[in-house]
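Asker: missing the sequence, but the structure's below:
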């Protein structure tokens, strides 16, 4: 029987993978992918907690909201990446260092 | 024949309007606007003649002078505090002065059109002449002391402008620099004016009035009370003004230098008008002079008469002779008034105005001709020597043939000034000398010096005038041939005034009887002395005393003139008396006279040097003490500021900078973590999260 800790373990691994992607990848699109992984890890947690709690759909509803928000977020993020590309002709995140102190 | 204020307002306004128009538009008018000025003065002359003849034949002012008042001129008429009105007063004296001023001015203005022809500032010259005429008329017409003083000062100003008219010329005659001559005239007059003003203020403080009549009445009613000495002082102070304007010793020094102006100006200032102002003032304020003041006036006048005449003896510059002669003749008028020969003094003012204007204009005519001749012959004047000097009589000689009109008119004037019968000068001079004779020999034997000076001056006058005539017109001319050709008579606008003035030197204008003025002449009844306002009178030389002295005085003065002429004849024709020998013999007296008694030198050594010394001391005071205090204050301020600056720089600024530096350094350190790499931030966030979890978990 698959229990809650299994879900949480998968979710934690997924999140860790996302963090690793965000921290190590230089391609901005890959970076976004990392973010998506982290989001979905959170969504998995929501769903899992909802499944193992009694008579509550709050988690699932929250997951739905998160997915929709993520869709919008991806649209905005891709637009930002496109603009970065237009401005500095690359999507290497290291090159976009204008805010370096 | 009644006159109205319109007449007098016109007389005053015309020259003023002409002056204003000339100053602003003169250059643009045809002929430089001279017709405007001459037209204005001609109308003035006609109006004045109307006033004069009205007074003479219809007794317009018998007993009651024409008075017109402008109320509320000064002060507050409502409350009556210091309410002063100004106005116009016309009586016989004014009428005579109007005619003298306007007639001399008219002729001199006309002469100027010839003399000044082609000058660069021709129209401005006429503007100044017009201003001068206006000032003189204001002086004559005013009915109060303030108006008199205003006219007085305006006359001073316009004479300054006219004397300095040739200011760009470095030197016009030996030792005469126009730019300093005008200043000398102005400053010397200022000294006299100070006395004059003090006199006016003394009168005002005692009487509180300024109109002549009011002042006289207040004095008569005892405004001065027991302080009659103060009244004498006031009289002498007033006379100080006359001493400067009428060139009495010791304030005469400006007048010989005043010939720096163009010759018509000399005629206007020396002869007719400006110098008459002082005499007019003494006559106008005659009731105020105490016997002591009058005696003082008489002595000053008599001394000046002799003093001027002695200097004129040895002068060689034709205008200088005339200038000193004027000083001498003014002395006559002044001592005439001083000894109580009131009408004689004023009468001499009138006759002198005509014959001295004539002499100056004739001199101008001669100088003009000489200049032209030298110019034609290409001879340059060297200001250091008398060579080719157009004003030096030693260079003239024998101008009689070239300039007959000038010669004849000059001769008439010479006879008149010397007091030869059948001339106006004989009548007036005789009248003065008669008065002096009665005063000094008959009534007050202790004052015998006054007539002695007068008669001595008469001898000298005849001598130096005859010498002038001989040196200028008789003999043969010494000019080089080329110059001789160019010597010719002046144009009509210069000779006509000469002739007219010469006609005015005849006796018949003044008295049908050429021997005396007392019998039938209009003068003594027309110019009657006003009643004295001074309580007790020492000398009011009664008319019969003058009559008694008259014949004796006439004989003495005739012999004086004869002696003078004889001496001059000896000098000119025989060479028996020679000024040149006198000079070469090194006589101290000659050098004393030739250097004008060293009065200028004395003033330079004492007054001028004293002023310079005082100025130096004051300058030292200014530089060392005043500047020292100011500089010390400045230095103290600088020190204080430096201290304040130090505190500011190192205290306040230090604090502010330290704060800013701290913020900057901190910022520099902290910004190191702001890499701009999103990954780094994610790492920080993650690490922070882990730390948070670990910390909260514990």
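Answerer: Ah, there it is. On a predicted model such as this, the values are computed, not experimentally measured, just so you know. Residues are numbered from 1 along each chain as shown, chains lettered A, B, ... in the order given.
Asker: Please make it C-alpha for all contacts and neighbour counts, starting now.
Answerer: Will do.
Asker: For residue B:88, pull up the helix or strand it's in.
Answerer: strand B:84-90 (DSSP states H and E).
Asker: Could you check stretch B:346-362 and say which residues are buried?
Answerer: B:346-362 (16 or more other CA atoms under 10 Å in any protein chain shown).
Asker: Excluding residues flanking it in the chain, which one is nearest residue 44?
Answerer: Went with chain A since none was named. Among residues not flanking residue A:44 along the chain, residue A:11 sits closest, at 6.2 Å (CA to CA, 6 or more residues apart in numbering or on different chains).
Asker: actually chain B
Answerer: That would be residue B:11: by CA to CA, 6+ apart, it lies 5.1 Å from residue B:44.
Asker: count of residues packed around the residue in chain A positioned nearest to chain B?
Answerer: Nearest residue of chain A to chain B (CA to the nearest CA) works out as residue A:100 at 3.9 Å. Residue A:100: 12 surrounding residues under other CA atoms under 10 Å in any protein chain shown.
Asker: Next, it: secondary structure please.
Answerer: Following DSSP: H, G, I helix; E, B strand; the rest coil, we place residue A:100 in the coil state.
Asker: quick one, what contacts it?
Answerer: B:674, B:675, B:676, B:677 (CA atoms under 8 Å, 6 or more residues apart in numbering or on different chains).
Asker: Repeat the analysis, applying 6 Å as the threshold.
Answerer: Applying CA atoms under 6 Å, 6 or more residues apart in numbering or on different chains to residue A:100 gives the contacts B:674, B:675, B:676.
Asker: which element is the residue nearest to residue B:44 on?
Answerer: helix B:5-25.
Asker: residues of that helix that come out buried?
Answerer: So helix B:5-25, judged by 16+ other CA under 10 Å, has buried residues B:8, B:11-19, B:21-23.
Asker: Need those in JSON lines (columns: pLDDT).
Answerer: Output for the buried residues of helix B:5-25, formatted as JSON lines (pLDDT from 0 to 100):
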{"residue": "B:8", "pLDDT": "85"}
{"residue": "B:11", "pLDDT": "86"}
{"residue": "B:12", "pLDDT": "86"}
{"residue": "B:13", "pLDDT": "87"}
{"residue": "B:14", "pLDDT": "89"}
{"residue": "B:15", "pLDDT": "89"}
{"residue": "B:16", "pLDDT": "90"}
{"residue": "B:17", "pLDDT": "91"}
{"residue": "B:18", "pLDDT": "89"}
{"residue": "B:19", "pLDDT": "90"}
{"residue": "B:21", "pLDDT": "89"}
{"residue": "B:22", "pLDDT": "87"}
{"residue": "B:23", "pLDDT": "86"}
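Asker: do the host helix or strand of residue A:59 and chain B meet at all?
Answerer: According to DSSP H and E, residue A:59 maps onto helix A:58-88. No. Judged by CA under 6 Å from any CA of the partner chain, helix A:58-88 stays clear of chain B, getting no closer than 13.2 Å.
Asker: Identify the residue nearest the residue of chain B found nearest chain A in space, chain neighbours excluded?
Answerer: Using CA to the nearest CA, residue B:676 is the residue of chain B that sits closest to chain A, at 3.9 Å. Using CA to CA, 6+ apart and skipping residues adjacent in sequence, the residue nearest residue B:676 is residue A:100, 3.9 Å away.
Asker: still on that earlier bit, tell me the buried residues within the contacts of residue A:100.
Answerer: Buried among the contacts of residue A:100 (16+ other CA under 10 Å): B:675, B:676.
Asker: List just the nearest of the contacts of residue A:100 to residue B:290.
Answerer: residue B:674 (110.8 Å; CA to CA).
Asker: Please read off the pLDDT at that closest one from the model.
Answerer: With respect to pLDDT, residue B:674 scores 81.
Asker: any idea how far it lies from residue B:680?
Answerer: 9 Å (CA to CA, to the nearest Å).
Asker: So which elements touch the helix or strand hosting residue B:563?
Answerer: Using DSSP H and E, residue B:563 maps to helix B:543-569. Judged by 3 or more CA pairs under 6 Å, 6 or more residues apart in numbering or on different chains; DSSP states H and E, helix B:543-569 is in contact with helix B:424-437, helix B:449-473.
Asker: Point out where chain A drops to low pLDDT.
Answerer: A:101 (pLDDT under 70).
Asker: ditto for the stretch 301-450 of chain B
Answerer: Residues of the stretch 301-450 of chain B that meet the cut-off, pLDDT under 70, sit at B:383-387.
Asker: just so I have it, where are all the helices in it?
Answerer: B:318-338, B:342-377, B:404-418, B:424-437, B:449-473 (DSSP state H, counting those that start in this stretch).
Asker: and those helices as JSON lines, adding distance to chain A?
Answerer: Below are the helices of the stretch 301-450 of chain B laid out as JSON lines (distance: least, CA to the nearest CA, whole Å):
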{"stretch": "helix B:318-338", "distance to chain A": "100"}
{"stretch": "helix B:342-377", "distance to chain A": "96"}
{"stretch": "helix B:404-418", "distance to chain A": "109"}
{"stretch": "helix B:424-437", "distance to chain A": "115"}
{"stretch": "helix B:449-473", "distance to chain A": "110"}
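Asker: Contact distance from chain A - what residues of the stretch 551-698 of chain B qualify?
Answerer: B:671, B:674, B:675, B:676, B:677, B:679.
Asker: again, only using 8 Å
Answerer: Applying CA under 8 Å from any CA of the partner chain, we find that the stretch 551-698 of chain B lies next to chain A at B:671, B:672, B:673, B:674, B:675, B:676, B:677, B:678, B:679, B:680, B:682, B:683.
Asker: From those, which land in helices?
Answerer: B:678, B:679, B:680, B:682, B:683 (DSSP state H).
Asker: contacts for whatever helix or strand comes next after the helix holding residue B:11?
Answerer: Going down the chain from helix B:5-25, the next helix or strand is helix B:34-58, by DSSP H and E. Residues outside helix B:34-58 that contact it (CA under 8 Å, 6+ apart): B:1-3, B:7, B:10-11, B:14-15, B:18-19, B:22, B:60-62, B:91-92, B:95-96, B:98-99, B:102-103, B:105-106, B:109-110, B:113, B:123, B:126-127, B:130, B:133, B:522, B:526.
Asker: quick revisit: run through the neighbouring helices and strands of the strand holding residue B:88.
Answerer: strand B:66-74, helix B:122-141 (3 or more CA pairs under 8 Å, 6 or more residues apart in numbering or on different chains; DSSP states H and E).
Asker: Pick out the shakiest of these, pLDDT-wise.
Answerer: That would be strand B:66-74, which, of all those, carries the lowest mean pLDDT at a mean of 72.
Asker: Pull up the gap between the nearest residue to residue B:406 once chain neighbours are set aside and residue B:108, please.
Answerer: Of all residues not flanking residue B:406 in the chain, residue B:362 sits nearest, at 5.7 Å (CA to CA, 6+ apart). Distance from residue B:362 to residue B:108, counting by CA to CA: 11 Å.
Asker: got it, and residue A:63?
Answerer: 125 Å.
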